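>>> Please find the sequence and the predicted model below.
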Number of protein chains: 2
Amino acid sequence: MGKKQVVVGVDIGGTNTVFGFVDRDGHILASDKIKTSNYEEPEVFVAALYEKIMVAMPKIGYDIEIIGFGIGAPMGNINKGTIEYPADLPWKGIIPLAEIFKKHTNLPVIVTNDANAAAVGEMIYGGARGMKNFVVITLGTGLGSGFVVDGKLVYGHDGFAGEIGHTAIRPGESNRDCGCGRKGCLETYVSATGIKRTVLKILADKLEPSELRKFSFEELDAKIIHDAAKNGDAIAIRAFEHTGRMLGFKLADVVATTNPEAIFLFGGLALAEDLIFEPTKRYMEQNLLSIYKDKVKLLLSELSTQNAAVLGASSLIWSEKEQ
Amino acid sequence: MGKKQVVVGVDIGGTNTVFGFVDRDGHILASDKIKTSNYEEPEVFVAALYEKIMVAMPKIGYDIEIIGFGIGAPMGNINKGTIEYPADLPWKGIIPLAEIFKKHTNLPVIVTNDANAAAVGEMIYGGARGMKNFVVITLGTGLGSGFVVDGKLVYGHDGFAGEIGHTAIRPGESNRDCGCGRKGCLETYVSATGIKRTVLKILADKLEPSELRKFSFEELDAKIIHDAAKNGDAIAIRAFEHTGRMLGFKLADVVATTNPEAIFLFGGLALAEDLIFEPTKRYMEQNLLSIYKDKVKLLLSELSTQNAAVLGASSLIWSEKEQ
């Protein structure tokens, strides 16, 4: 009997890079991660990642054969195998990721946007099974999006479709600098770092007591804000309300553009459930034209935070192999 | 020899409804129009339109055979043959347009969004020939949009994709009421009526002399503003600048969503050429993430104002026939 074939699915995020060995049926046989932000050089990062993958492989306990690497990354470009000007990664400019990977392996390497990979994962293994038109919004360090139209992922002319995290919240100047070099992008409000910035803004404006006043900007994270909100902390609740307001506003634009059946929220902030879903849904509906009202489902991703992009990225290799 | 087969392409606009007899090669053998705004009842409108079509037919001079009616209309829904809650038409609620048409004919009747029809027209007969990913923005009484992804028009889950005219320009309240019942929609700024409203706002704010101070709101139209701007009228030029600012801002969102090769502007305002293209392009580029900069073409539609939606609507029948 031959070895079991697997694809290594890799999800490069601003904080962590997660990988998994994925079989044809979408089972993740093993997974591990490395800290993206520890690596200033992409070459060193890839070498460390590749080594970690090789170390993890024997732990599966039986013989597997890797048939390729599917990689999801912010600003990942499927046409060129590059990551270009990522706002949330430690590297600048155009990073020829597939090329760097090829120094370590002769197997196929496919790079795509991490949110696009998550959308494919949702379609094949998650809540979007059977759906032809849907959108996945990934809420991590930044905000990513993947659009599926008529059963196919939208890549666009240059392979860069689905970057609504970098659409501005209003015309004209905003106070919030974005990692992309511009100001007022959606992800400066709606992401793990966005809600943290919102908390500081509200703490500056309001006099209400809050346990969040104890934390420095560096200490604060989405989990602390989430816990505070669950405990009834007024500032934390306001922060979720504002985050939902900004997200709901932009999701109304998404609906008016591609008229999806559902929008899936994925990632850390989405796990706050009603705290984020209720205001997001309310503001989205408020901003919708009547023809769309009460028709678009706002759903929690059915894939765990770690799995969606790993599964999605791996499926790119499976689908290429089978073409 | 058999009669020449034609499709009647119909473009229902807020002011006029234009129709044409279109042959398989996209030649419009004859065309005419009726005034949409004269008809308070959709049944009376359809009866008048149908009669006008029947009267125009013999004028072509040789025998033709109508094989169907392709209709583009604001909020037109291809799945249901309806127009639903149109903001810019004299009729309210859900209008079963195909059903009303069927009282006059047994031939196939297909209804779609007028901007979607224009996008199909641009793809088959205009500047988008050979393009797989592009967007058409129609600037008439309102603002319509049609998205083509991977060579196919995006209809979305409910058949209502492409209504960016009804996305809000910013979160929170705007002063401008929209015909759709909400406030601050893009078309309240970017359309023939939008620029007129902008002129009045600037006339209210500024003391600069302007020939536009002579016109009442009712007298003013896009052509008068265009002519004034060409003559160097400071208020008219400011109005185009502001219109381009709002459109460019939203087009940056369009680029970040579907990453098109080109965006075509179509309709009355687009004919102002540099006056609208220059500020729109400038503000669009200003709002684009670096990966998109200087890559997306902003082009004038290659179809005349009358033709695009008529041709596009007619092509729906041809393509159904040939499937």
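Sure, I can see it.
>>> can you pull the pLDDT of the residue in the stretch 201-323 of chain A positioned nearest to chain B?
Distance from chain B to each residue of the stretch 201-323 of chain A (C-beta to the nearest C-beta) is smallest for residue A:259, at 2.5 Å. All C-beta atoms are positioned from the backbone trio N, CA, C, and that covers glycine. Turning to residue A:259, the model gives it a pLDDT of 97.
>>> Same check on residue A:149?
So residue A:149 comes in at 97 (pLDDT).
>>> Surely it and residue B:154 touch.
Yes: using C-beta atoms under 8 Å, residue A:149 is in contact with residue B:154, at 5.3 Å.
>>> Overlap of the contact sets of the two?
residue A:258 (C-beta atoms under 8 Å, 6 or more residues apart in numbering or on different chains).
>>> Quick test: name the residue nearest the centre of chain A.
residue A:138 (3.5 Å; C-alpha atoms, centre = their mean).
>>> For the single nearest residue of the stretch 51-200 of chain A relative to chain B, give its distance to residue B:131.
Residue nearest to chain B within the stretch 51-200 of chain A: residue A:156 (2.5 Å; C-beta to the nearest C-beta). Computed as C-beta to C-beta, to the nearest Å, the residue A:156 to residue B:131 distance reads 12 Å.
>>> Please report phi then psi for residue A:69.
phi -120, psi 120 (degrees, to the nearest 10).
>>> Could you do residue A:76 as well?
With angles defined as degrees, to the nearest 10, residue A:76 sits at phi -70, psi 140.
>>> For burial, what's the neighbour tally of it?
Using other C-beta atoms under 10 Å in any protein chain shown, the number of residues around residue A:76 comes to 29.
>>> Against residue A:238, how distant is it?
Distance from residue A:76 to residue A:238, by C-beta to C-beta: 35 Å.
>>> can you check residue A:144 too?
Residue A:144 is 25 Å from residue A:238, by C-beta to C-beta.
>>> what about stretch A:25-39, how long is it end to end?
With C-alpha to C-alpha, to the nearest Å as the measure, stretch A:25-39 spans 33 Å from end to end.
>>> Show me what counts as buried in the lengthiest helix in chain A.
As assigned by DSSP state H, the longest helix anywhere in chain A is helix A:234-258. Across helix A:234-258, burial judged by 16 or more other C-beta atoms under 10 Å in any protein chain shown covers A:235-258.
>>> could you say what helices and strands that helix packs with?
strand A:134-139, strand A:143-149, helix A:192-205, helix A:222-230, strand A:262-266, helix A:274-286, strand B:143-149, helix B:234-258 (3 or more C-beta pairs under 8 Å, 6 or more residues apart in numbering or on different chains; DSSP states H and E).
>>> For residue A:71, which three-state class applies?
At residue A:71 the chain is in strand, as set by DSSP: H, G, I helix; E, B strand; the rest coil.
>>> Pull up the gap between it and residue A:205, please.
From residue A:71 to residue A:205 the distance is 41 Å (C-beta to C-beta).
>>> Check residue A:148 too.
According to C-beta to C-beta, residue A:148 and residue A:205 sit 39 Å apart.
>>> just residue A:100 next, same as before
Residue A:100 is 45 Å from residue A:205, by C-beta to C-beta.
>>> for residue A:152, phi and psi?
phi -130, psi 140.
>>> who in the stretch 101-250 of chain A is up against chain B?
Residues of the stretch 101-250 of chain A lying near chain B by C-beta under 8 Å from any C-beta of the partner chain: A:132-133, A:145, A:147, A:149-150, A:152, A:154-164, A:166-171, A:180-182, A:245-246, A:249.
>>> Buried ones among these?
Counted by 16+ other C-beta under 10 Å, these give A:133, A:145, A:147, A:149-150, A:154-164, A:166-169, A:171, A:180, A:182, A:245-246, A:249 as buried.
>>> what about the residue lying closest to residue A:245 once chain neighbours are set aside, neighbour count?
Distances taken as C-beta to C-beta, 6 or more residues apart in numbering or on different chains put residue A:283 closest to residue A:245, at 4.8 Å, once the chain neighbours are dropped. A count of nearby residues for residue A:283, using other C-beta under 10 Å, gives 22.
>>> give me every residue that touches residue A:283.
A:244-245, A:247-249, A:252, B:171.
>>> at 7 Å what do you get?
With contact set as C-beta atoms under 7 Å, 6 or more residues apart in numbering or on different chains, residue A:283 has these partners: A:244-245, A:248-249.
>>> Repeat that for residue A:71.
A:10, A:12, A:97, A:109-111, A:313.
>>> Throw those into a markdown table and include neighbour count, thanks.
Output for the contacts of residue A:71, formatted as a markdown table (neighbours: other C-beta atoms under 10 Å in any protein chain shown):
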| residue | neighbour count |
| --- | --- |
| A:10 | 27 |
| A:12 | 27 |
| A:97 | 25 |
| A:109 | 21 |
| A:110 | 23 |
| A:111 | 31 |
| A:313 | 35 |
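>>> In a markdown table, list those along with secondary structure.
Formatted as a markdown table, the contacts of residue A:71 follow (three-state DSSP):
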| residue | secondary structure |
| --- | --- |
| A:10 | strand |
| A:12 | strand |
| A:97 | helix |
| A:109 | strand |
| A:110 | strand |
| A:111 | strand |
| A:313 | helix |
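>>> Just to check, residue A:17 is in contact with residue A:36?
Yes: assessed by C-beta atoms under 7 Å, residue A:17 is found in contact with residue A:36 at 4.8 Å.
>>> Just want to know which of those two has more residues nearby.
Taking other C-beta under 10 Å, residue A:17 and residue A:36 do not tie; residue A:17 has more neighbours (26 against 21).
>>> what's across from the more buried one in the sheet?
Bridge pairing for residue A:17 (DSSP bridges) gives the partners residue A:12, residue A:34.
>>> I'd like the distance between it and residue A:71.
With C-beta to C-beta as the criterion, residue A:17 and residue A:71 are 9 Å apart.
>>> cool, and residue A:117?
Residue A:117 sits 8 Å away from residue A:71 when distances are taken as C-beta to C-beta.
>>> next one: residue A:180
With C-beta to C-beta as the criterion, residue A:180 and residue A:71 are 21 Å apart.
>>> Not counting its own residues, what contacts stretch A:218-232?
By C-beta under 7 Å, 6+ apart, stretch A:218-232 touches A:192, A:195-196, A:199, A:211-212, A:215, A:236-237, A:239-240, A:268-269, A:272, A:275.
>>> likewise stretch A:207-217?
A:199-200, A:203, A:220, A:224-225, A:228, A:233-236.
>>> Quickly check those residues for the two that are furthest apart.
In those, two members sit farther apart than any others by C-beta to C-beta. They are A:220 and A:234, at 16.2 Å.
>>> What ranges in the stretch 201-323 of chain A fall below the confidence cut-off?
A:305-306, A:322-323 (pLDDT under 70).
>>> The stretch 1-150 of chain A now?
In the stretch 1-150 of chain A, residues with pLDDT under 70: A:1.
>>> What are the boundaries of the strands in it?
Secondary structure of the stretch 1-150 of chain A (DSSP state E, counting those that start in this stretch): strands at A:4-12, A:16-22, A:28-35, A:64-73, A:76-77, A:82-84, A:94-95, A:109-113, A:134-139, A:143-149.
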